[in-house]
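Colleague: The following block contains a protein sequence and its predicted model.
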Amino acid sequence: MSAYREMKIDKSLYQRRGGFFRALEEMDPSADYRGTDLEQLTAFERQLKRFDIHVSGSASDPVEKFFRTSESAVLFPAYIGAAVEQGMQSRDILSAIVAAKTEIDSMDYRSILPLPDAADRTLADVAEGGFLPETEIRLKENLVHLRKRGRILKASYEAIRFQRLDLFAVALRQIGAQIARTAVEDAVKVLIEGDGNENPAELIETAGSGTLTYADLCTLWGKFEDYEMNVLLCSPEVGNKILSLEELRQLGDGNRFTGPGTYATPFGAMLIKSSAVPADTVIALDKNCALEMVTAGGVGVEYDKVIDCQTERVGITCITGFAKLYPDAVKVLKIKA
């Protein structure tokens, strides 16, 4: 297949199970384009090409290009959602602290509750014909608390119709970054206080008042017996204190900075700064066992209003929640007052 498929698209695709992008992919499978110059494009990107809409670069089109036909207008809410999603990923702390991500299609969800016993830790030899030790897994008593986070996009169509799409996307990505920050706040709250199933994190205080020492971090590291301390999450202020410790300064150059806002500590734990963490607090966790993220759909856009050019007040939302998996995989170090 050397050209894109002509097909009828309308706003009913937003109501399909799995959302608009999955519906497009089912109608126009990417597998059909293998060996063509379109094989690197998603179904959505092929539709942009079909309607000759350029969304990035100096030659990007104005917003009104989406509204040249009734079918191309259907693509605009998806474009908004995709740009917001990019903004969320640009502030992506969650991928560094979430062990599993679960997508659901309702507002009711219970996570699992593993119940290990002493035999799980020792894994003693089993005699021939003997019984294997058990690990019970059951549903938690309380539901995961899902929150709808979002912003109102307030702009008349006349105000944005001549704006270039790459410039408009900057504002949309900022909305995504704001949504991501609030999601991190929810995750931090669950890590510290638990998810409502009596599973708050163990609290450890520093040895001295008002100070954080390398010995305090060593004590924190030593608390992880059955799990690995591979992430330290703290506020920028506490992060500065950690990086100012003489023991870390002696490590030398800045080669241990692995990305924006992240630093590899000598404990093998990644230090991540976030203003979502309370003052004088360090959250230590095993990112492979601590936290589950639950989402109900992706980024939601009030597509009816957008398609009809009623952009004066358009809601952009994302529904997320968090569950703690193994409570002992999270510890909290508090600087003593």
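Modeller: Cool, got the structure.

Colleague: the helices in the stretch 51-200 of the chain, which residues?
Modeller: Here the stretch 51-200 of the chain has its helices, by DSSP state H, counting those that start in this stretch, at 70-90, 118-122, 157-160, 165-193.

Colleague: mean pLDDT for those helices: which is lowest?
Modeller: Looking over the helices of the stretch 51-200 of the chain, mean pLDDT reaches its minimum on helix 118-122, with a mean of 53.

Colleague: follow-up on the earlier one: now the helices of the stretch 51-200 of the chain in JSON lines, with mean neighbour count and distance to Cys218?
Modeller: In this view, the C-beta of every residue, glycine as well, is placed from N, C-alpha and C. As requested, those are exported to JSON lines (neighbours: other CB atoms under 10 Å; distance: least, CB to CB, whole Å):
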{"stretch": "helix 70-90", "mean neighbour count": "20", "distance to Cys218": "34"}
{"stretch": "helix 118-122", "mean neighbour count": "11", "distance to Cys218": "23"}
{"stretch": "helix 157-160", "mean neighbour count": "14", "distance to Cys218": "55"}
{"stretch": "helix 165-193", "mean neighbour count": "19", "distance to Cys218": "21"}
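
Colleague: Quick one: closest of the ones you listed to Arg34.
Modeller: Within the helices of the stretch 51-200 of the chain, the stretch nearest Arg34 is helix 70-90; the backing value is 23.4 Å (CB to CB).

Colleague: Give me the residue ranges of this protein where confidence is low.
Modeller: 1-2, 112-139, 251-261 (pLDDT under 70).

Colleague: Report all helices and strands that the longest strand along it contacts.
Modeller: Identified as the longest strand of the chain according to DSSP state E is strand 314-324. Using 3 or more CB pairs under 8 Å, 6 or more residues apart in numbering; DSSP states H and E as the contact definition, the elements that strand 314-324 packs against are helix 70-90, strand 147-153, helix 165-193, strand 291-296, strand 300-301.

Colleague: Report the buried residues of it.
Modeller: Buried residues in strand 314-324, counted by 16 or more other CB atoms under 10 Å: 314, 316-324.

Colleague: Tell me which strands it pairs with, and in which orientation.
Modeller: strand 147-153 (antiparallel), strand 291-296 (antiparallel), strand 300-301 (antiparallel) (DSSP bridges).

Colleague: Mind giving me the packing neighbours of the helix or strand following it?
Modeller: Sequence order places strand 330-336 as the next helix or strand after strand 314-324, per DSSP states H and E. Secondary-structure packing of strand 330-336 (3+ CB pairs under 8 Å, 6+ apart): helix 165-193, strand 202-209, helix 214-222, strand 281-285.

Colleague: can you list the residues that contact strand 330-336?
Modeller: Strand 330-336 has contacts (CB atoms under 8 Å, 6 or more residues apart in numbering) with 191-192, 201-212, 216-217, 220, 223-224, 229, 238, 280-286, 290-291, 324.

Colleague: Let's see that with 6 Å instead.
Modeller: With CB atoms under 6 Å, 6 or more residues apart in numbering as the test, strand 330-336 has contacts from 191-192, 201-206, 209, 212, 220, 223, 280-285, 290.

Colleague: How about stretch 95-102?
Modeller: 231, 272, 287-294.

Colleague: ok so, going back, in a markdown table: the helices of the stretch 51-200 of the chain, plus distance to Ser244.
Modeller: Formatted as a markdown table, those follow (distance: least, CB to CB, whole Å):
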| stretch | distance to Ser244 |
| --- | --- |
| helix 70-90 | 28 |
| helix 118-122 | 37 |
| helix 157-160 | 46 |
| helix 165-193 | 23 |
